[in-house]
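Participant: Below: sequence and its predicted model.
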Amino acid sequence: MVVGAFYFIYYKLTSNNQLDFQVFNGFLQENKVFSLKNIGLLMILSVFNWFLEILKWKQLVSIFKKISFKKAVQQSLGSLTASLFTPNRIGEYGAKAIFFTSEFRKKIVLLNFLGNMIQMLVTTVFGIIGLYYFISKYPVDIDYHKTVRFLGIILIITSMAFLGWKKKEVTIKGISIEKIINFFKNISLRHYLTCLILSTGRYLVFSFQFYLLLHFFGVEVSYKNAMIVISSMYLLASVIPSIFIFDVVIKGSVAVYLFSIVGVNELTTLSVVTCMWLLNFVFPSIVGSVFVLKFKLPKPVEP
C-alpha cells in the first residue's frame with residue numbers, strides 16, 4: 001500500500017497533462033515561492049490545518065471512546081494514506097474503522113461520515129455565498145436550462161432518498177436508517193458545535209493558504225475578491241466525484257476556469273493548486289505512511 005501510494009504520487013507529479021513537472025519546478029524557482037520564509041509560513045498553515053482536523057476526529061471519537069491526541073494523529077494520517085486511490089477518499093471510512101475493534105467499527109464509519117458532512121456543510125455555505133458574489137461581480141456565461149435541469153435531478157434524488165429514510169427496513173452497510181438517525185440524535189449539541197467550529201477554522205486556514213500562494217506567485221488580488229473565487233472553486237470541485245489521486249486535476253480544471261475570468265493565467269493557477277495538493281495531502285500522506293507500516297490490528301476485547 002505504501003509503495004503504491006509513493007508510486008502514484010510520483011506518477012501524478014511527473015505525468016500531469018495539465019502541468020509539466022519541469023515547467024512547474026522552473027516556475028517555482030522563478031517566483032522564489034519556496035524561500036525559507038515562505039516554506040516556513042506555508043508549512044505552519046498546513047500543520048495547523050491538519051491539527052484542526054485531528055482535533056475534530058478526536059472530538060468525534062470521544063463521543064463513545066476517549067483516545068489520545070497521538071492516536072488521533074495516527075488514525076487521521078494513516079487513513080489518508082490508505083485512501084489515496086479511492087473515489088472521493090471513500091477508503092478513509094474503512095481505514096479508520098480498522099484502528100478499532102469490531103464492536104466499534106460501525107460507529108466509527110458513522111462518525112467519519114458525520115465529520116465529512118460537517119466539513120461539506122461549511123464548504124457549501126461559504127461556496128454558495130462566494131458563488132453568488134462571483135456571478136454578480138463577473139461576466140459568467142450560464143446555461144440556465146441545464147442548471148434548472150440539474151437542480152431538478154438533485155431535487156428528485158433528494159426526495160427519493162427522504163422517502164427511503166421513512167422506511168424502517170432500508171439499511172446502509174447493514175445499519176437501519178432508524179438506528180442511524182437515533183445515533184445522530186444522541187450526539188450532544190456541544191459535540192456538533194465543536195466540530196462545526198473546527199471545520200470552519202480548517203476551511204479558513206486552507207483558504208487563506210491558497211490566497212497566500214497566489215500572493216507568492218505575484219497575483220495582485222484583495223483577500224475579499226480572492227475568497228469569492230476560492231470558495232466558489234472548492235464548492236464546485238467538491239461536488240465532482242473523483243479518484244483522490246486525481247483530485248488535483250479536478251480542482252485544477254475548476255480553478256483554471258474561475259481564475260481565468262478574473263485575469264489569473266493558467267500556469268499560475270495550476271501551480272497554486274499543485275502546491276496546495278503537495279502541502280495538504282501529499283506531505284501528510286507521507287507522514288501517514290509511517291503509521292501504516294507500523295499498524296497492527298487492535299486486539300479484541302475479552303468478554
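Facilitator: Looks like it arrived, so ask away.
Participant: May I see the buried residues of the longest helix along the chain?
Facilitator: Using DSSP state H, we find that the single longest helix of the chain is helix 102-137. Going by neighbour count (16 or more other Cβ atoms under 10 Å), the buried part of helix 102-137 is 104-112, 114-116, 118-119, 122-124, 126-127, 130-131, 133-134. Backbone N, C-alpha and C define where each C-beta goes, glycine included.
Participant: So, low pLDDT: which residues of the stretch 101-250 of the chain?
Facilitator: 141-148, 150-151, 154, 157-158, 160-175, 240-250 (pLDDT under 70).
Participant: Now do the longest helix of the chain: which elements does it pack against?
Facilitator: Counting contacts by 3 or more Cβ pairs under 8 Å, 6 or more residues apart in numbering; DSSP states H and E, helix 102-137 is packed against helix 36-61, helix 91-97, helix 177-185, helix 189-216, helix 223-238.
Participant: For stretch 224-237, buried residues please.
Facilitator: For stretch 224-237, a neighbour-count test (16+ other Cβ under 10 Å) marks 226-237 as buried.
Participant: how close does the nearest residue to Y223 once chain neighbours are set aside sit to L80?
Facilitator: In space, and not counting its chain neighbours, Y223 is closest to Y211: 5.9 Å by Cβ to Cβ, 6 or more residues apart in numbering. Plainly put, Y211 is 24 Å away from L80 if you go by Cβ to Cβ, to the nearest Å.
Participant: next one: L45
Facilitator: Taken as Cβ to Cβ, the span from L45 to L80 is 17 Å.
Participant: Between the two, tell me which one has more neighbours.
Facilitator: For L45 versus L80, the count of surrounding residues by other Cβ atoms under 10 Å is larger for L80: 29 against 19.
Participant: so which helix or strand takes in the more buried one?
Facilitator: In this structure, L80 is located in helix 69-82 according to DSSP states H and E.
Participant: Packing partners of that helix?
Facilitator: helix 36-61, helix 91-97, helix 283-294.
Participant: tell me the average confidence for the longest one?
Facilitator: Average pLDDT, helix 36-61: 95.
Participant: And for the second one?
Facilitator: Within the predicted structure, the mean pLDDT of helix 91-97 is 85.
Participant: how distant is it from the center of its chain?
Facilitator: On the basis of Cα atoms, centre = their mean, to the nearest Å, helix 91-97 sits 15 Å off its chain's mean C-alpha point.
Participant: Same question for stretch 210-228.
Facilitator: Taking Cα atoms, centre = their mean, the mean C-alpha location of stretch 210-228 is offset from the chain mean by 20 Å.
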